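> Below are the sequence and a predicted model; questions follow.
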Amino acid sequence: MSAIEGLETAHHHDTEHEHHHEAPNFWQKYIFSEDHKVIAKQYLITGILWAVIGISMSIVFRIQLGFQDANLSWLKPVLGGWISDSGKLDPNFYLALVTMHGTIMVFFVLTAGLSGTFSNFLIPLQIGARDMASGFMNMLSYWFFFLASVIMFASLFIQTGPAAGGWVIYPPLSALPQAHPGSGLGMTLWLASMAFFIVSQLLGGINYITTVINLRTRGMSFDRLPLTIWAFLITAVLGLISFPVLLSSVLLLIFDRHFGTSFYLSDIYINGEALPNVGGSPILFQHLFWFLGHPEVYIVLLPGLGITSEIIATNSRKPIFGYRAMIASMLGIAFLAFIVWAHHMFVTGMNPFLGSVFMFLTLIIAVPSAVKGFNYITTLWRGNIVFTPGMLFSIGLVSLFVSGGLTGIILGNSALDIQLHDTYFVVAHFHLVMGAASAFGLFAGVYHWFPKMFGRMMNNSLGQIHFWLTFIGIYLVFIPMHYVGIAGFPRRYYQFTSYDFTNKFMDMNMFISVAAIFTFVAQFIFLWNFFYSIFKGRKAPQNPWRSNTLEWTAPINPGHGNWEGELPAVYRWSYDYSKPGAKEDFIPQNIPYSQTLESNFPHENELIATEKAIESQNFNDQFKNAH
Amino acid sequence: MESINYKVEKEPQETLAMDPMKFILWLFLVSIIMLFASQTSAYLVRRAEGNWLEFEMPRIFWYSTVVLLISSIAMQWAYFAAKKDQFKQLKIAISITFVLGLAFLWMQFEGWKQLVAMNVYFVGNPSGSFFYVFTGLHGFHIISGLIVLLFSWMAAFRLKVHAKNLRRIQICATYWHFLDILWLYLFVFLLTFN
């Protein structure tokens, strides 16, 4: 309903736009802006703030895990009552920290911060559109996210603490206020926040899909779309299909919590007293949750993979290897994402035969993933590689994607999962393949498109230092974590002093914690570089990376509408790097074949005849023909 | 407003595949479909586990289904009338649609009362809870449909809906038909798997 009203209002706005061009005031320009570039920056800054909070939380619990006797009194000014008088972290708050770290990083940083930033920023600029299909819906999308952020942030400060049932909020732990202090008001706020978050994601995703399909400029056929746009499109489709299912499961959970229904609850005794709830099934929640939860992994990762494809091709000065295979593998991953959810539930007592079906489907994901890994490496192979910070982070992503993906093959086996599930092996696996890899995608994107976003360059040397410290730090944290996991350390435990076997690995845990703190500190180099460069960075040239995509043909500081005058037309794909015979080692997408006779292949000479047709097509210009 | 261009020109094919606003509506419908698909599959999964209360659906839900079907026909009538610039018919048809939509909501609510009289409550066996959730969620979407309808109704009475300005009523009709088909699905589903 809000979407429909959004359509109407956006329609009015666009028609009005034709008649008079008023200069937008401060609020319209920076706060309730409908310009996709401003919304992208809003997402980016909010995402960075959340990342600082989310990663700080992990540092607090890493200190707890690595140094169990540490005196944490120095955290009292921040955490207050959650640190006891003897300087110990409250065990309940430890669980809340783990939960909030997961929620914040998965949803607020790597979904909203990554997809929200780069889908918003790059889709119109790379397909040659003035703005998103509905600027109003896009603005609403950010402000729903902001509202979700405020609620989630507020939940950190309530007396009973934030939600603490794990980011997967399995009932009955999340359904019963008696289960944990965090399952009371904290969980209520969590659910409210996530409901708004889902609305925000749906508004955003619907906009991305509509824009990519309907607002491409003339000549921008699907086989000329940059892989970034393909990745964002597929990500948005995944979100559109899976987020309503999360809404569904959250809705039933809310009914269980506040109205006394029994969708997920059955036969529960607390202090010897039976609860009235009969006939529910906690496994039902897991099915619903993981039907979102697994595609969510790819919602987080695919934008990173798309960004990487673009940056690796640009900085290897070579066409991407296997453009169609890249699209096909992303489609394959997206399709498989929906039929593997039960591999998160191998040990819930599910039918072992069903388990082998899900295991089989899960292991197939290795095929499209390997295609992607292979294509990245073959694109790099014998290229004239330029090691920009963006490029380094892209290569880093490929490395993390491969090394994290390998352990996925191990975990995908339902038999091995009996030993490994819910241990630090799982934690190490998904942090490498989805957490760190996507974060590297985010860094790569920020370094690469910073000049387009702010019209200034980030400091290159600081970027290089940031990359190496982060890259080494990430591996120092997560490689040893695999061993801890194989040794049997369960995740989400407050401390490991009660068992003999865990004592042997205390030094390993200490090492991981030190490495985590080291990596965390390294991120401040990025933060400083980012915020300093916004204001004081070197002025960016028109096309700093000598790249082919359309955004670099727009003015250095594009206004609302992106291009002055006509929208560019597109004649070729975006990967014409180092073409034999060409004057430059790159030919942007808006250069017609008739101007590059010296480097055309025979079939491209035939395409010259179609250029007239492309030029005479309608501009598809939203500002001129308001929709 | 739009100028009427009588010159017939042959234009080259646009890249634009579809009106973006209508496309947005269809994607919005996809998200609603996924919401109800997940609800109904949750219903089936839970039902397969046994301990399932069976009850007969009150008669009034049959009648409300008929009412909603008629309102959908009226909606289509309104659309055709708008296409032919028959404003009087348009106003009648769109008013009938709106009133029948309200009647449907009221009948659903009466149905809930009858369920309570049959001792099927929202709180209790999940079979009853699911029934309330399905009808309630659908009713919520009907309310949103009525709001959309209200905007079209106001536009129709201000003579802003006509053959040259059909987008609003097209979006409204598509959404209303969708809600109708959605209810038919839920109705048949609940009858089959009671």
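It's in. Residues are numbered from 1 along each chain as shown, chains lettered A, B, ... in the order given.
> residues contacting B:M34?
With contacts defined as Cβ atoms under 8 Å, 6 or more residues apart in numbering or on different chains, the neighbours of B:M34 are A:240-242, A:244-245. Using the backbone N, CA and C atoms, a C-beta is placed for each residue, glycine as well.
> Mind listing what's buried along stretch A:144-161?
Judged by neighbour count (16 or more other Cβ atoms under 10 Å in any protein chain shown), stretch A:144-161 contains these buried residues: A:144-149, A:151-153, A:155-156, A:160-161.
> Likewise for stretch B:99-110?
Buried residues in stretch B:99-110, counting neighbours by 16+ other Cβ under 10 Å, are found at B:100-105, B:107-108.
> and if you look at stretch A:240-257?
Within stretch A:240-257, the residues that qualify as buried are A:240-257, counting by 16+ other Cβ under 10 Å.
> Among those residues, which ones lie close to chain B?
Contacts with chain B within the buried residues of stretch A:240-257, as defined by Cβ under 8 Å from any Cβ of the partner chain: A:240-245, A:247-249, A:251-252, A:255.
> Does anything pack onto the helix ranked longest in chain A? Which helices or strands?
With residue count as the measure and DSSP state H as the assignment, chain A has helix A:282-316 as its longest helix. The elements that helix A:282-316 packs onto, with contact taken as 3 or more Cβ pairs under 8 Å, 6 or more residues apart in numbering or on different chains; DSSP states H and E, are helix A:117-127, helix A:227-258, helix A:323-337, helix A:366-380, helix A:389-411, helix A:437-454, helix B:20-48.
> deepest of those helices, which one?
Among these, the stretch with the highest mean neighbour count (mean count of other Cβ atoms under 10 Å in any protein chain shown) is helix A:117-127, at a mean of 27.
> Packing partners of that one?
Under the contact rule (3+ Cβ pairs under 8 Å, 6+ apart), helix A:117-127 is packed against helix A:36-66, helix A:185-214, helix A:227-258, helix A:282-316, helix A:437-454.
> Tell me the first helix or strand C-terminal of the shortest one.
With elements assigned by DSSP states H and E, the helix or strand that comes after helix A:437-454 is helix A:460-486.
> and if you look at the first one?
Sequence-wise, the next helix or strand downstream of helix A:36-66 (DSSP H and E) is helix A:76-79.
> Please enumerate residues in contact with that next one?
With Cβ under 8 Å, 6+ apart as the contact definition, helix A:76-79 has outside contacts at A:60, A:72, A:83, A:89, A:93.
> What residues are bridge-paired with the third one?
This points to A:I83. On the basis of DSSP bridges, A:I83 takes part in beta bridges with A:L89.
> residues touching it, list them.
A:I83 makes contact with A:72-73, A:75-76, A:89-90, according to Cβ under 8 Å, 6+ apart.
> what about 6 Å?
Contacts for A:I83 (Cβ atoms under 6 Å, 6 or more residues apart in numbering or on different chains) come out as A:72, A:75-76.
> Just give me the closest of those to chain B.
Chain B has its nearest neighbour among the contacts of A:I83 in A:L75, at 41.3 Å by Cβ to the nearest Cβ.
> quick one: pLDDT of the spatially closest residue to A:Y208 that is not a sequence neighbour?
Setting aside the residues directly before and after it, A:Y208 is nearest to A:A236 in space (Cβ to Cβ, 6 or more residues apart in numbering or on different chains), at 4.0 Å. On the pLDDT scale, A:A236 is placed at 96.
> hang on, A:A236 packs against A:N207?
No: between A:A236 and A:N207 there is no contact under Cβ atoms under 6 Å: 8.3 Å.
> Torsion angles phi and psi at the most far-flung residue of chain A relative to its centre?
Most distant from the centre of chain A: A:G272, at 44.4 Å, with distances by Cα atoms, centre = their mean. When read as degrees, to the nearest 10, the backbone of A:G272 gives phi 80, psi -10.
> How about A:H294: what's its closest non-neighbour residue?
With sequence-adjacent residues excluded and distances taken as Cβ to Cβ, 6+ apart, A:H294 is closest to A:W341, at 4.5 Å.
> and if you look at A:F121?
A:A40 (3.6 Å).
> residues in contact with that neighbour?
If you count contacts by Cβ under 6 Å, 6+ apart, then A:A40 has A:117, A:120-121 around it.
> Spit out the contact partners of A:Q201.
A:Q201 is in contact with A:239, A:243, counting by Cβ under 6 Å, 6+ apart.
> can you tell if stretch A:166-174 touches chain B?
No: contact of stretch A:166-174 with chain B (Cβ under 6 Å from any Cβ of the partner chain) is absent, the minimum separation being 13.2 Å.
> CA atoms of that stretch as CSV?
Coordinates of the C-alpha atoms in stretch A:166-174 are reproduced here as CSV (Å, rounded to 0.1, in the frame of the first residue of the first chain):
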residue,chain,number,x,y,z
GLY,A,166,21.5,-15.5,18.2
TRP,A,167,21.0,-13.6,15.0
VAL,A,168,18.8,-16.6,13.8
ILE,A,169,16.4,-16.0,16.7
TYR,A,170,15.3,-19.6,17.0
PRO,A,171,12.2,-20.1,19.2
PRO,A,172,11.5,-21.0,21.9
LEU,A,173,14.6,-19.0,23.1
SER,A,174,13.4,-15.9,21.3
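> Kind regards, and thank you for your time.
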